[in-house]
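Engineer: No sequence on hand, only this structure:
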């Protein structure tokens, strides 16, 4: 009985390793298929005026809004497909239209400090067709407790 149990665990371990290798291969395959067909030299490039905004000290419950200004310094239109924040208290809004080479755009970010206290670093992850495809911006500051 003990030998069967050990063989079963060994088989599951090998199976898990094999599945992990397959999923890595699949992920790599998917990542390659999602890469923009634009040549690297012609790809859009996203450059933020400032990638960190320090809102200083605010009272709990206050709302902070900041516009992250960006410029496409690449050679083809920049398409921002998504922006996500680290929590539901931070809501990003991306441009709906492509940003042409040399032109500027804005990602509007709103942070609601209700229920937050202390130092905050809210990360917004921006996904686009730029090189690199993932960039981040930060809202940082301190939320003071209500009195």
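Structural biologist: All right, it came through fine. The structure presented is a predicted model; accordingly, all values stated were derived computationally and were not measured.
Engineer: Can you check the pLDDT for the residue sitting nearest the centre point of the chain?
Structural biologist: When Cα atoms, centre = their mean is applied to the chain, the residue found nearest the centroid is residue 125 (1.9 Å). At residue 125, the pLDDT value in this model is 97.
Engineer: Show the contacting residues for it.
Structural biologist: 83, 84, 85, 134, 135, 136 (Cβ atoms under 8 Å, 6 or more residues apart in numbering). Where C-beta positions appear, they are placed from N, C-alpha and C, glycine not excepted.
Engineer: thought the fifth one was touching residue 46?
Structural biologist: Yes. Applying Cβ atoms under 8 Å, one finds residue 135 in contact with residue 46, separated by 5.7 Å.
Engineer: Which one's more surrounded, those two?
Structural biologist: residue 46 (22 against 18; other Cβ atoms under 10 Å).
Engineer: what is that one paired to in the beta sheet?
Structural biologist: residue 72 (DSSP bridges).
Engineer: And residue 99, by the same measure?
Structural biologist: Here residue 99, judged by DSSP bridges, has bridge partners residue 78.
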